[in-house]
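Novice: build me a model:
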Amino acid sequence: MRERERMLKSKVLIVGGTGYIGKRLVKASLDEGHETYVLYRPEIGVDIEKVQLLLSFKEQGANLVTASFHDHQSLVNAVKLVDVVISAISGVHIRSHQILLQLKLVHAIREAGNIKRFLPSEFGMDPARMEHALEPGRVTFDDKMVVRKAIEEAKIPHTYISANCFAGYFLGGLCQLGVIMPSRDSVVFYGDGNVKAITVDEDDIAKYTIKTIDDPRTLNKTVYIRPPKNILSPLEIVQTWEKLIGKELKKSSISAEQFLSSMKGKSYAEQVAMVHYYHVCIEGCLANFEIGDGGVEACELYPEVKYTTVHEYMKRYL
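Specialist: Here you go, the predicted model:
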């Protein structure tokens, strides 16, 4: 019976499987019983940690597929092996490089002609709602919209995943940029600390993502992951941490004007990140809209997924 169920599930190719979200997608795909393929790019060279991670996927039952972004036909051949392609190409690449990789993948999918669902590398804020984003941070959203345009012009069936804030970054830093371990002494709020944000455990992002790939309700839709108990303001997140450690933190804040002024002299990458935090923590871009007809909400579609709450996630830091 289990073998029959496996045969009915889509075959999945994950591109960027050794990355932060990618490795979680591989695990979630295998856990859901999908025949899972992970792209192995020869250009990773002698990165032994990535190679060992790829080999661990193989031990867990995944298939390694060799293909290069410098060899279009190899990408087409890899795509033809599966039904669904998920891109988790890291956002840490230089801007033009990441766009190029994504577009090369789109071209390979279009030529292969067999893919019933493509999920591009997004997983953060919905770029379609960020046309007003400040420079230079808007580059991230503009780039994703370039990829979306290519997908839709090629008439490739797709699903976009908007997972909001990664818990490891947002909760670990108590909503402060450049910090990934919560302080037991003090915290600085951007703005008044009362603007709602949405935080999602990275493993939960992967679980919800894999759930969408065979679901007709998510076809050509944006899937928003909005765990109800994780729609909290920075102040509420800090209060959760204070209850866990039994201590009140010293709190201070900086205004929107001060925050934006502090960008001067920062590196390009730092300015991009600061703009994102501005829109999340001061503007409240994650929770200030209704989803509407073009999207669906993951927690409503898949109530069987027991997501990790902010309170549960933060216990790991004790």
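
Novice: does residue 110 touch residue 158 like I think?
Specialist: No - judged on Cβ atoms under 8 Å, residue 110 makes no contact with residue 158 at a distance of 11.8 Å. For every residue, glycine as well, the C-beta is placed using N, CA and C.

Novice: out of those two, which sits in the busier spot?
Specialist: For residue 110 versus residue 158, the count of surrounding residues by other Cβ atoms under 10 Å is larger for residue 158: 22 against 18.

Novice: how confident was the prediction at that one?
Specialist: Per-residue pLDDT puts residue 158 at 98.

Novice: pretty sure it contacts residue 116?
Specialist: No - with contacts counted by Cβ under 8 Å, residue 158 stays clear of residue 116, the gap being 10.1 Å.

Novice: quickly list what's touching both of the two.
Specialist: Residues touching both residue 158 and residue 116 (Cβ atoms under 8 Å, 6 or more residues apart in numbering): none.

Novice: all the strands of this structure, residue numbers only.
Specialist: Remark: strands assigned in the chain by DSSP state E are 12-15, 36-40, 63-66, 84-87, 117-119, 159-162, 165-166, 186-190, 197-200, 221-224, 231-232, 250-254, 295-297.

Novice: setting aside sequence neighbours, what's the nearest residue to residue 150?
Specialist: Spatial nearest neighbour of residue 150, excluding adjacent residues (Cβ to Cβ, 6 or more residues apart in numbering): residue 106 at 4.7 Å.

Novice: who's in contact with that neighbour?
Specialist: Applying Cβ under 8 Å, 6+ apart to residue 106 gives the contacts 118, 120, 147, 150-151, 154, 156.

Novice: centre-most residue in the chain?
Specialist: Taking Cα atoms, centre = their mean, the centroid of the chain lies closest to residue 123, which sits 2.6 Å from it.

Novice: against residue 139, how distant is residue 116?
Specialist: 31 Å (Cβ to Cβ, to the nearest Å).

Novice: same question but for residue 186, I mixed them up
Specialist: 32 Å.

Novice: with neighbour numbers in mind, choose between those two.
Specialist: Using other Cβ under 10 Å as the criterion, residue 186 and residue 139 rank with residue 139 on top: 15 against 10.

Novice: looking at it, that one is touching residue 272, isn't it?
Specialist: Yes - contact between residue 139 and residue 272 holds when scored by Cβ under 8 Å: they sit 6.4 Å apart.

Novice: quick check: which ranges of the stretch 1-150 of the chain have low pLDDT?
Specialist: 1-7, 91-96 (pLDDT under 70).

Novice: helices of that one, start to end?
Specialist: Counting by DSSP state H, counting those that start in this stretch, the stretch 1-150 of the chain has helices at residues 2-8, 22-31, 48-59, 72-79, 95-112, 138-153.

Novice: if anything else comes up later, I'll come back, but that's it for now.
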